[in-house]
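Student: Just to be clear, the model below is a prediction. Sequence and coordinates:
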Amino acid sequence: MPNACGDQQMIPADIACNLQANIQNPNKTAKFNAWKQTSQPRHASNWCIPSHLRQLLYTKHNPLPYAARLPQRQPMRSKMNHSLRILLGALLAFSLALPTFAATWPESEDGAASAGFTEEGMEELDAAMRRIVADQDVAGMVWLLARNGKVATFDHAGIARIDDDAPMTRDSLFRIYSMTKPVTGVALMMLHEEGLWEFDDPVSKHVPEFADLKLMVSYDDEGNAELAEPSRHPNMRELLNHSAGFGYGLSGQDPVNNAFRESRVLASSDLDQLIDRVAEIPILFEPGEEWYYSVAVDIQGYIVQKLSGMRFGEFLEQRMFLPLGMNDTRFYVQEQDRPRFAEVHNWDAERGALVQRPHRADRPSYLDPTRLESGGGGLVSSTHDYARFLQMLVNEGELEGIRILTPESVRIMRTNSLRDELLMAGGPDRPGVPGTGFGVDFAVIFDPAAANSPQGAGTYYWSGAAGTWFWIDPVYDMFWIGMIQAQGARRPGAANMRNVARDIIYDSLIR
């Protein structure tokens, strides 16, 4: 992995040492806060801070409100005052004396036995994933399996871009699309812990633009809809589990989803515009009555932005990505990272081969730093980064001494919150996915037998539109990530790689 501290900003040695030794000393804490405010990094993710000191930045030891403790981006000053010159001199003097602390886990494999799997099973798993690539089911793949904090396998195969034959590597970058959703859910739960919202709050309490939402009762063959007042407003719990009634525009030929496409909700220039457009579109059903995959998580991202007083992407960077060491994760691809960015491929029946999909001119480029910060599907990430995010959840909210959420919040996220008898994807005319409900931006398997799955009860998971997928099994303290970039047609007879990987993994468990 590249060194996360390549563009370093080290904490001056006197402050670093004294802060650790005097955590309760307000004078020392004030000294550090003063240093933060006069030493603004252009990118907070470039801070090179030991994990034990990062903990001080992200716990309640500091009496200031969380948002007030965070450095705000400001233009670089053309002239430095005398004290700042002294500080920079100290930085240079001590930068060689202090070690760098990159977020390296999971840098290498711990081995099958160490992680609680058979050697033969992991060899079979790696061979199966390589065969899927060799058969041109996908152009390339990166996969990672970890249990009890140990990495059983972290491997890759194939190519990232067919057009220039760029190899897939462990540090390749991927459009994770809807795997952004759990990240947004964690961000919103962080604000729940701060008392800024409650599950029974009407969504309109935090998004007043939704105060006059209408309900679509029926529609005719010409697309004319009959509207009415809903019996009540959708609440935050329903927003989090996709039962609030919002559409999405990704599928469906009803007036609601047609309106999402016609008003180009998902192509909004920013979250404010997205909210204004959604506010003009009726909801599909009475809140809580059905499960319908929706724009709800983009709305969640807007609420994070509004309640925190920070741009959504800035909140994620400073409150989650920086403390977790997720240096590759953001809403756009930086210029220096373009060689690592994998492209999307699909099967071309005429050629009998995979082809690279061209960029759609009607969609913003991933190279544009001003693109929509979509909480529902906008992030780019690496396998390394997402593994750190998942291990934090496996650890019930903590990673390497940095606590992002309380254990209670993580348990809420991975617990089914749909009404009785309602399943994921279920409704009056849809039975739903057997044994599967929904928590906070995760699907939750509450009955593995009904779901026909070898996974433990309480396994939670999600995936992305370009094929990336993950699951966490709390019974066996393990998680899996598969990273690919594939959309559209697949090779006839292509393997169901998700089931192939899952079945080999559970057959290989040392129980």
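Tutor: Okay, I see it.

Student: Just grab the bridge partners of the residue nearest to His156 when sequence neighbours are not counted for me.
Tutor: Distances taken as CB to CB, 6 or more residues apart in numbering place Val142 nearest to His156, at 4.4 Å, with adjacent residues excluded. (Each C-beta comes from the backbone N, C-alpha and C, glycine too.) Note on Val142: beta-bridge partners His156, Met483, judged by DSSP bridges.

Student: surely Val142 meets Thr153?
Tutor: No - checked against CB atoms under 8 Å, the pair Val142 and Thr153 is beyond contact range at 10.8 Å.

Student: and the residue nearest to His156, how many neighbours?
Tutor: Other residues near Val142 number 26, with proximity taken as other CB atoms under 10 Å.

Student: Check the gap between it and Thr415 for me.
Tutor: 30 Å (CB to CB, to the nearest Å).

Student: Could you do Gly245 as well?
Tutor: Look at Gly245 and Thr415: by CB to CB, they are 22 Å apart.

Student: and what of Met141?
Tutor: On the measure of CB to CB, Met141 and Thr415 end up 31 Å apart.

Student: what about these two, which has more around it?
Tutor: Met141 (26 against 16).

Student: Quick check: closest non-adjacent residue to the more buried one.
Tutor: Nearest residue to Met141, sequence neighbours excluded (CB to CB, 6+ apart): Ile484, at 5.0 Å.

Student: ditto for Asp276
Tutor: Using CB to CB, 6+ apart, the closest residue to Asp276 is Glu209 (6.4 Å).

Student: For that neighbour, give me the pLDDT.
Tutor: Looking at Glu209, its pLDDT reads 99.

Student: Assumed it was part of a helix.
Tutor: Yes - the assignment for Glu209, made by DSSP: H, G, I helix; E, B strand; the rest coil, places it in a helix.

Student: so how many other residues sit close to Glu314?
Tutor: So Glu314, with other CB under 10 Å, has 17 neighbours.

Student: Return the distance of it relative to Ala342.
Tutor: 26 Å.

Student: Likewise for Ser417?
Tutor: From Ser417 to Ala342 the distance is 34 Å (CB to CB).

Student: now do Asn235
Tutor: 39 Å.

Student: of these two, who's got more company?
Tutor: More neighbours surround Ala342 than the other of Asn235 and Ala342, with 25 against 20 (other CB under 10 Å).

Student: My guess is the more buried one contacts Ser172. True?
Tutor: Yes - between Ala342 and Ser172 there is a contact under CB under 8 Å: 4.9 Å.

Student: any shared contact partners between those two?
Tutor: Overlap of the contact sets of Ala342 and Ser172 (by CB atoms under 8 Å, 6 or more residues apart in numbering) consists of 140, 160.

Student: any idea which helix or strand carries the closest residue to Ala211 other than its chain neighbours?
Tutor: Setting aside the residues directly before and after it, Ala211 is nearest to Ser204 in space (CB to CB, 6+ apart), at 4.7 Å. Ser204 belongs to helix 203-206 when assigned by DSSP states H and E.

Student: Please state the mean pLDDT value computed over that helix.
Tutor: Helix 203-206 shows a mean pLDDT of 99.

Student: dump the residue contacts of Ile303.
Tutor: Ile303 makes contact with 188, 191, 197, 206-207, according to CB under 8 Å, 6+ apart.

Student: Check the burial of the residue nearest to Met141 by counting its neighbours.
Tutor: Neighbours of Ile484 (other CB under 10 Å): 27.
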